[in-house]
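Asks: take this sequence and fold it.
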Amino acid sequence: MKTILYATDCTVNDASSLKYAYRFSSIMKADLHVLHVYEFPPISYLTIQHPDNLKKRMHREQMELLDKYCKTSLKNEFQQRPITTHVVESNSVSNSILRLSKILSPDLIFIGMKDSHSTRGYFSGNIANTLLESIEIPLLIIPNGMMYNTISTIVYATDFEEYDIVSLKKLVEIAKPFSALIEVIHVYKTNEEAPVKLLMEQFKDRVRKELSYPEIAFKTIASSKIKSGLLSILNRENANVLAMLERTHDWNLANLFHKDLVKDMESEISIPLLVFNKHSMSIENPVFSIDDGVMAY
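Replies: Numbers count the residues shown, from 1 in each chain. Down below sits the predicted model:
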């Protein structure tokens, strides 16, 4: 991992997310780019200064604001590893993130969860959800007030897809510097136990053939609801990160994970949510497929 992009609104409530991104990037030995997006307010006709001069002054002030914010939030850590800052005038934070990501080609994008205390409503327009629909880069969503400690356990929710293998390969790149355990979890309805157990065994064999990372465990969990089952395993395993694949409605296994589940989990959990986008992945020669509940090789 070489580059991480983090978007901030420079509020007090967002400072913990900046610290998390900074310490995470340090462990990953990745360059951290911090983006701040601001809106230029309507100009009164009574103003003496030319609009271009006002815009230049405001841009300079926002640059100084971001620099001061980073130094104040990170304190002594700010001198340990350099960061690159970007200030953009725009009425769309999500579009600004998308444009900058095309320039930087980051390996990971950090954003904070919706913050009701933000003076400009940083996620009032559902920026996280907009990015989930369009971003092709893994997205790590940090809860408000989340303090970085370390990452020892990552739970990955699987639906036994080939795309899950691709996501797990990317996840290993994140887990390895932390020596973190990856728990591959499948939550199923209670009346599906027999086929699910078989599918998990086949999927486990497939993953172990593809990945050499030793710290991977596999579990299946019965639950009346998928979301409550995931929440229970997160609490039981003291997970530090939940990883999921943003899915479409084109699979055959009982529509176990739907697109809204990722968004539902974002509002329910108190740990970071790592989302991989299925549309960014290409699989030329799939080794297996799911057909009528049986994994065929």
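
Asks: low-confidence stretches in the stretch 151-297 of the chain?
Replies: 191-194, 247-260, 263-264, 266-267, 279-297 (pLDDT under 70).

Asks: which residue ranges of it form helices?
Replies: In the stretch 151-297 of the chain, the helices defined using DSSP state H, counting those that start in this stretch lie at 162-175, 193-210, 226-236, 259-268.

Asks: what secondary structure does residue 110 sit in?
Replies: In three-state terms, and counting by DSSP: H, G, I helix; E, B strand; the rest coil, residue 110 is strand.

Asks: now for it: which residues touch it?
Replies: Counting by C-beta atoms under 8 Å, 6 or more residues apart in numbering, residue 110 touches 4-7, 17, 20-21, 24, 140, 142. Quick note: C-beta positions are derived from backbone N, CA and C, even for glycine.

Asks: hmm, back to that, can you lay out the helices of the stretch 151-297 of the chain as JSON lines showing mean neighbour count?
Replies: Output for those, formatted as JSON lines (neighbours: other C-beta atoms under 10 Å):
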{"stretch": "helix 162-175", "mean neighbour count": "20"}
{"stretch": "helix 193-210", "mean neighbour count": "15"}
{"stretch": "helix 226-236", "mean neighbour count": "17"}
{"stretch": "helix 259-268", "mean neighbour count": "16"}
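
Asks: reformat those helices as a markdown table; add distance to residue 55.
Replies: As requested, those are exported to a markdown table (distance: least, C-beta to C-beta, whole Å):
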| stretch | distance to residue 55 |
| --- | --- |
| helix 162-175 | 39 |
| helix 193-210 | 52 |
| helix 226-236 | 46 |
| helix 259-268 | 35 |
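
Asks: among those, which is nearest residue 86?
Replies: Closest to residue 86 of the helices of the stretch 151-297 of the chain, according to C-beta to C-beta: helix 162-175, at 23.3 Å.

Asks: identify all contacting residues around the single longest helix found in the chain.
Replies: The single longest helix within the chain, with elements called by DSSP state H, is helix 51-74. Residues outside helix 51-74 that contact it (C-beta under 8 Å, 6+ apart): 8, 10, 15, 18-19, 22, 34, 36, 38, 40, 43, 47, 49, 78, 83, 85, 87, 89.

Asks: helices or strands next to the helix or strand just after it in the packing?
Replies: Sequence-wise, the next helix or strand downstream of helix 51-74 (DSSP states H and E) is strand 83-89. Strand 83-89 sits against strand 31-38, helix 51-74, helix 93-104, with contacts defined as 3 or more C-beta pairs under 8 Å, 6 or more residues apart in numbering; DSSP states H and E.

Asks: can I get the longest one in CSV, CA atoms only?
Replies: Extracted as CSV, the C-alpha positions of helix 51-74 are listed here (Å, rounded to 0.1, in the frame of the first residue of the first chain):
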residue,chain,number,x,y,z
PRO,A,51,-14.9,38.3,-6.3
ASP,A,52,-11.7,36.9,-7.6
ASN,A,53,-9.8,38.5,-4.7
LEU,A,54,-12.3,37.2,-2.2
LYS,A,55,-11.9,33.7,-3.6
LYS,A,56,-8.2,33.8,-3.4
ARG,A,57,-8.2,35.1,0.1
MET,A,58,-10.7,32.4,1.2
HIS,A,59,-8.7,29.7,-0.4
ARG,A,60,-5.6,30.9,1.4
GLU,A,61,-7.5,31.0,4.7
GLN,A,62,-8.8,27.5,4.2
MET,A,63,-5.3,26.2,3.4
GLU,A,64,-4.1,27.8,6.7
LEU,A,65,-7.1,26.3,8.5
LEU,A,66,-6.3,22.8,7.3
ASP,A,67,-2.6,23.1,8.1
LYS,A,68,-3.4,24.4,11.6
TYR,A,69,-6.1,21.7,12.1
CYS,A,70,-3.6,18.9,11.2
LYS,A,71,-0.9,20.3,13.5
THR,A,72,-3.3,20.8,16.4
SER,A,73,-5.0,17.4,16.1
LEU,A,74,-1.9,15.4,15.6
